[in-house]
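Student: got a structure for you, letters missing:
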């Protein structure tokens, strides 16, 4: 399931930044890694590199859907 969450979140990030470029002229990219009990999204926006992470429990995705971690990142990483 970890690979599935990473791939899903990476696809969401790709789409997010494609739209951000069109809508707000934000040039960005990001990628997701899951190691142990932590999920991390490394992302760059207009040349500024940032890191977001939180505790990882597969149950979060099972109970809330595959987009749970992306949605949390989108809310917290402003």
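Tutor: Structure received. Remember, it's a predicted structure, so these values are computed and weren't measured experimentally.
Student: show me where the protein has helices.
Tutor: Secondary structure of the chain by DSSP state H: the helices cover 2-24, 58-64, 68-76.
Student: out of those helices, nearest to residue 39?
Tutor: Proximity to residue 39, assessed across the helices of the chain by Cβ to Cβ, is greatest for helix 68-76 (5.4 Å). Every residue, glycine included, has its C-beta placed from N, CA and C.
Student: what angle do that closest one and helix 2-24 make?
Tutor: Angle of helix 68-76 versus helix 2-24, following axes from the mean of the first three to the mean of the last three Cα atoms, to 10 degrees, is 40 degrees.
Student: buried stuff in helix 68-76?
Tutor: By 16 or more other Cβ atoms under 10 Å, the buried positions in helix 68-76 come out as 68-70, 72-73.
Student: helix or strand with the lowest mean pLDDT in the chain?
Tutor: Within the chain, no helix or strand scores below helix 58-64, which has a mean of 95 by mean pLDDT, DSSP states H and E.
Student: about what we covered before: spatially, which two of the buried residues of helix 68-76 are the most separated?
Tutor: Taking Cβ to Cβ as the measure, these reach their widest spread between 68 and 73, a distance of 9.8 Å.
Student: show me what contacts the residue nearest to residue 12 when sequence neighbours are not counted?
Tutor: In space, and not counting its chain neighbours, residue 12 is closest to residue 70: 4.4 Å by Cβ to Cβ, 6 or more residues apart in numbering. Residues counted as contacts of residue 70 (Cβ atoms under 8 Å, 6 or more residues apart in numbering) are 8-9, 12-13, 16.
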